[in-house]
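Visitor: model this:
(one chain, ligands or ions: 2)
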Amino acid sequence: MDTNSKIYIAGHRGLVGSAILENLKSKGYSNIVTRTHKELDLSNQQAVANFFEAEKPEYVFLAAAKVGGIVANNVYRADFIYENLMIQNNVIHQSYVNKVKKLLFLGSTCIYPKNAPQPMLENSLLTDTLEYTNEPYAIAKIAGIKMCESYNLQYGTNFISVMPTNLYGPNDNFDLEKSHVLPALIRKIHLAKLMSESRHDEVLKNLGVSSIEEAKAYLSQFGVSENSVEIWGSGKPKREFLWSEDMADACVFIMENRSFTDTHNKDDKEIRNTHINIGTGKDISIKELAETIKQIIGFNGDLVFNVDKPDGTMRKLTDVSKLNGLGWKYKVDLEAGIKAVYKWYLKA
Ligand SMILES: NC(=O)C1=CN([C@@H]2O[C@H](COP(=O)(O)OP(=O)(O)OC[C@H]3O[C@@H](n4cnc5c(N)ncnc54)[C@H](OP(=O)(O)O)[C@@H]3O)[C@@H](O)[C@H]2O)C=CC1
Ligand SMILES: C[C@H]1O[C@H](OP(=O)(O)OP(=O)(O)OC[C@H]2O[C@@H](n3cnc4c(=O)[nH]c(N)nc43)[C@H](O)[C@@H]2O)[C@@H](O)[C@@H](O)C1=O
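Guide: Numbering: from 1, shown residues only. Ligands and ions are numbered 1, 2, ... in the order given. Take a look at the predicted model:
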């Protein structure tokens, strides 16, 4: 890529897409094409074909997807498989048709088996059964990897897949039901602190409701009160968290420096494993995460673990030796990242 290359970021207003946009701008890239979901529904085959034909992007970052936390994945199973397959089929296929020079497909580490050996190497893919709560989403992501790999092998395209660990940062989704654990806990613990300090105006503004009774009724559904915050599951699962701006930097690094032939296992006659893990290689338990957030926000109440909610995979630590070997390493530690995203949240 050079700074005049025409680059399309699909999903440029999301957690990762917005960070990719900022990263590219900071590096002097000036010919960036974007469309909101409302302007271009990527699940619409004809609309995507028309867009690619008209715009002819040279490089594509595919960061648009149907995304959510463990409960959203488990409840909206049909939406997660349908929308993700549609978006990625349309964007990847039209990138081939319109001779895109390089495409980066964003998968997820949930593609690996539920009980994969830890840390998880890229070649754990398709070696065992998946975690049930996010199986439809994971199967869509696996289809995306195989689509990139298959187009590369049959048509000589240069489509690279990356498998990020759990991400967090500015522009994340803070919805209490549908978001991932880190933004959910920031918002829940922040609201509990406001309640404990009787800062009711701020609670009403945060929730968009008009009375404190309404706010309390809503918060009780999520186990949030002035005294305590509910944490889903046992608190024992471990997760690895990567700052979204580090994730964006890794994506741009790979697009600038690598091609798909660098990332497949050349000794493997079936040419598998064209994807790369992106993470820190460090994880912590959900209980430790909740305690860290509680301490950063300054809430003095209790954390109550609700084991009726799913734990999901007990551990999914990435092996990042392939990425580190290519020359990239993360920068932002978890505690600094939580402080930064909390600061961002307070201003948003
Ligand atoms: N967040 C995480 O922890 C992880 C994310 N990933 C992957 O990273 C990628 C980015 O995720 P993230 O940034 O968190 O997601 P977000 O939900 O923050 O953003 C998704 C973006 O996709 C766009 N989008 C969704 N559906 C459509 C559609 N039908 N047509 C057009 N645009 C659409 C949204 O557009 P709009 O804003 O206009 O509505 C939004 O900008 C995804 O592939 C995800 O699977 C992987 C692992 C972890
Ligand atoms: C990125 C990844 O994200 C999803 O997988 P996940 O890692 O299990 O996602 P999560 O962030 O929602 O939960 C992590 C852990 O945290 C616990 N937990 C506690 N309390 C809350 C809570 O309040 N909200 C949420 N969401 N989780 C909570 C929760 O019970 C679980 O044990 C995939 O579906 C898939 O989308 C994917 O690829």
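Visitor: Asn158 is in contact with Leu103, isn't it?
Guide: Yes: using Cβ atoms under 8 Å, Asn158 makes contact with Leu103 at a distance of 7.4 Å. All C-beta spots, glycine's among them, are computed from the backbone N, C-alpha and C.
Visitor: between these two, who's got more neighbours?
Guide: Ranked by neighbour count (other Cβ atoms under 10 Å), Asn158 and Leu103 place Leu103 first, with 26 against 19.
Visitor: Double-check that the more buried one belongs to a strand.
Guide: Yes: applying DSSP: H, G, I helix; E, B strand; the rest coil, one finds Leu103 inside a strand.
Visitor: Show me which residues of the stretch 1-150 of the chain sit near ligand 2.
Guide: Within the stretch 1-150 of the chain, the positions near ligand 2 by Cβ under 6 Å from any ligand atom are 69-70, 73, 108, 110, 133-134, 137.
Visitor: Name the member of these that has the highest neighbour count.
Guide: Highest neighbour count within those, by other Cβ under 10 Å: Tyr137, with 29 neighbours.
Visitor: Give the bridge partners for Lys238, please.
Guide: Per DSSP bridges, the residues bridged to Lys238 are Ser285, Arg315.
Visitor: just checking, it touches Thr318?
Guide: No: at 11.9 Å, Lys238 and Thr318 do not qualify as touching, with contact defined as Cβ under 8 Å.
Visitor: Pick out whichever of these two has more residues nearby.
Guide: Counted by other Cβ under 10 Å, Lys238 and Thr318 do not tie: Thr318 has more neighbours, with 27 against 18.
Visitor: Give me the distance between the residue nearest to that one when sequence neighbours are not counted and ligand 1.
Guide: Distances taken as Cβ to Cβ, 6 or more residues apart in numbering place Gly279 nearest to Thr318, at 3.6 Å, with adjacent residues excluded. Distance, Gly279 to ligand 1, by Cβ to the nearest ligand atom, to the nearest Å: 10 Å.
Visitor: Phi first, then psi, for Gly279.
Guide: Backbone torsions of Gly279, given as degrees, to the nearest 10, read phi -170, psi -170.
Visitor: Same check on Ile296?
Guide: phi -70, psi -40.
Visitor: Now do the contacts for the residue of the stretch 1-150 of the chain found nearest ligand 2.
Guide: As assessed by Cβ to the nearest ligand atom, ligand 2 sits closest to Gly69 within the stretch 1-150 of the chain, at 2.8 Å. Gly69 sits next to 178-181, 184 when contact means Cβ atoms under 8 Å, 6 or more residues apart in numbering.
Visitor: what about 6 Å?
Guide: 179-180 (Cβ atoms under 6 Å, 6 or more residues apart in numbering).
Visitor: How about the backbone phi and psi for it?
Guide: Per-residue torsions, Gly69: phi -80, psi -170 (degrees, to the nearest 10).
Visitor: looking at it, the residue nearest to Thr318 is touching Glu240, isn't it?
Guide: Yes: Gly279 lies in contact with Glu240 (Cβ atoms under 6 Å); the separation is 5.2 Å.
Visitor: so for stretch 325-340, what's the average pLDDT?
Guide: In this model, stretch 325-340 has an average pLDDT of 97.
Visitor: Can you tell me what sits against that stretch?
Guide: Residues contacting stretch 325-340 (Cβ under 6 Å, 6+ apart): 241, 243, 246, 250, 253, 280, 296.
Visitor: Tell me the residues of this structure that contact ligand 1?
Guide: Residues of the chain that fall close to ligand 1, judged by Cβ under 6 Å from any ligand atom: 11, 13-17, 36-37, 40-43, 63-67, 83, 87, 106, 108, 164, 166-167, 173, 180.
Visitor: Just the buried ones from these?
Guide: Buried by 16 or more other Cβ atoms under 10 Å: 11, 14-17, 40-43, 63-67, 83, 87, 106, 108, 164, 166-167, 180, out of the residues of the chain next to ligand 1.
Visitor: ok so, going back, out of Gly279 and Glu240, which sits in the busier spot?
Guide: Neighbours were counted for Gly279 and for Glu240 using other Cβ under 10 Å; Gly279 has more, 27 against 23.
Visitor: Please report how far the more buried one lies from Lys316.
Guide: Separation of Gly279 from Lys316 (Cβ to Cβ, to the nearest Å): 9 Å.
Visitor: what stretches of the stretch 51-200 of the chain score poorly on pLDDT?
Guide: Scanning the stretch 51-200 of the chain for pLDDT under 70 picks out no residues.
Visitor: Just the helices from the stretch 201-348 of the chain, written as ranges.
Guide: Taking DSSP state H, counting those that start in this stretch as the test, the helices found in the stretch 201-348 of the chain are 212-221, 244-257, 260-263, 286-297, 321-326, 334-347.
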